[in-house]
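Trainee: Output the structure for:
(one chain, ligands or ions: 2)
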Amino acid sequence: MTATDPKIVFIGGAGNMGGAVIGGLLAAGYPADRIVATGRDPQKLAAFAKCHGVAAHSDTLAAIGDADVIVLSVKPQAMRDLCTGLRSHLDGHNPLIISFAAGIPLAAYRRWLGEHLPIVRAMPNTPALVQTGATGLYAGAGVTAEHRAITERIANAVGIFLWVREECEINQIIAVAGSAPAYFFLFMEAMIEASVASGFARADAERLVLQTALGAAKLAMASEEDVAKLKRNVMSPGGTTECAVKRFEQGGLFHLVAEAMRDCAERASEMERELDR
Ligand SMILES: NC(=O)C1=CN([C@@H]2O[C@H](COP(=O)(O)OP(=O)(O)OC[C@H]3O[C@@H](n4cnc5c(N)ncnc54)[C@H](OP(=O)(O)O)[C@@H]3O)[C@@H](O)[C@H]2O)C=CC1
Ligand SMILES: O=C(O)[C@@H]1CCC=N1
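Mentor: Ligands and ions are numbered 1, 2, ... in the order given. You can find the predicted model right below:
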């Protein structure tokens, strides 16, 4: 690690997740000249570089030469080919590797990249872009206190983080945080569609629903009361909210959410098993 800000190369940096973390890091004041994004599509990279003011390269192997940290942010299906291609270029070079991928255990990276590299599995989420992310972290063997510190610096810049003790807990983090923005977007989408169906202009429905979601989250963060109590605070006995909440409960919302989260974590485990086939 250098004394200056570590140079971070994001492979797949112009994608959804890598791009969100880069955007969040920049917004938090991380120096743009210490961040590089790589990818395959030169046009997409050029647009990303123009938008964010970071260097972007389609030649990943050239870009990683002096990296202190290499973030792997390609789709899981592309990871094996990427890593086996990187392997010989990492000889004699010991950067910290941070993987964002779901469903790829450390053992696979060791097979593909070699045994010697320090690897952290990180499970961020896309609200990182607005520095409101929630990231789960797991440190593999050989990850030092210094590596943890730079990992935390990145995660902290884009939101909150939680280290887990067992690697398998990363799959629970995916269910609770990595995939979870989509659940809230889904709920907002359903509310917007219902509002439009009831006669609102779409723009008005979006403004009202998004502001209400933001307000509810902000209130829950600021309040001493738990979310169940905050829910009850909105519900007058025999009133409108009670009527709506009952309908959700009768429809099995709690059970449905628990099942969806279990499916999510189970899919991550299944992806791990598929690697061995
Ligand atoms: N999206 C999310 O909310 C989250 C995603 N993740 C994980 O993050 C990873 C990335 O997901 P996401 O950002 O959604 O995917 P995207 O497809 O949006 O981004 C992946 C990027 O990888 C690039 N890429 C693919 N192959 C290579 C290669 N060989 N060399 C360099 N760049 C390459 C692609 O660029 P090009 O088009 O130029 O090929 C693309 O921009 C996944 O492993 C996922 O599991 C984790 C948490 C949340
Ligand atoms: O859907 C996926 O597989 C990725 C991992 C977490 C969020 N998106």
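Trainee: Report the buried residues of stretch 167-182.
Mentor: 169-181 (16 or more other CB atoms under 10 Å). For glycine as for every other residue, the C-beta is placed from the backbone atoms N, C-alpha and C.
Trainee: Up against ligand 2, what does the chain have?
Mentor: Contact residues (CB under 6 Å from any ligand atom) of the chain with ligand 2: 102, 174, 178-179.
Trainee: again, only using 5 Å
Mentor: Within the chain, the residues that sit near ligand 2 (CB under 5 Å from any ligand atom) are 102, 178-179.
Trainee: Tell me which two of the buried residues of stretch 167-182 sit farthest apart.
Mentor: E169 and P181 (19.3 Å; CB to CB).
Trainee: just to revisit the earlier point, so which of the residues of the chain next to ligand 2 are also by ligand 1?
Mentor: 102, 178.
Trainee: and of the residues of the chain next to ligand 2, the nearest to L90?
Mentor: Closest to L90, out of all of the residues of the chain next to ligand 2 and judged by CB to CB, is A102, at 22.9 Å.
Trainee: Next, the closest one: phi, psi?
Mentor: Per-residue torsions, A102: phi -80, psi 140 (degrees, to the nearest 10).
Trainee: now it: how far from V54?
Mentor: Remark: distance between A102 and V54 (CB to CB, to the nearest Å) = 25 Å.
Trainee: and what of V9?
Mentor: V9 is 10 Å from V54, by CB to CB.
Trainee: which neighbours do the two share?
Mentor: 36-37 (CB atoms under 8 Å, 6 or more residues apart in numbering).
Trainee: Quick check: bridge partners of M123?
Mentor: In this structure, M123 bridges to G136 when assessed by DSSP bridges.
Trainee: how about the helices of the stretch 101-250 of the chain, start to end?
Mentor: 106-113, 145-157, 169-173, 180-197, 202-222, 227-234, 240-250 (DSSP state H, counting those that start in this stretch).
Trainee: Give me whichever of these is most buried.
Mentor: Across these, the average number of neighbours (mean count of other CB atoms under 10 Å) peaks for helix 169-173, which reaches a mean of 22.
Trainee: For it, which outside residues touch it?
Mentor: By CB under 8 Å, 6+ apart, helix 169-173 touches 102, 121, 123, 136, 138, 162, 164, 265, 268-269.
Trainee: Widest-spaced pair of these?
Mentor: Among the contacts of helix 169-173, L162 and S269 lie farthest apart (CB to CB), at 19.6 Å.
Trainee: Do me a favour and average the pLDDT over stretch 189-196.
Mentor: Averaged over stretch 189-196, pLDDT sits at 98.
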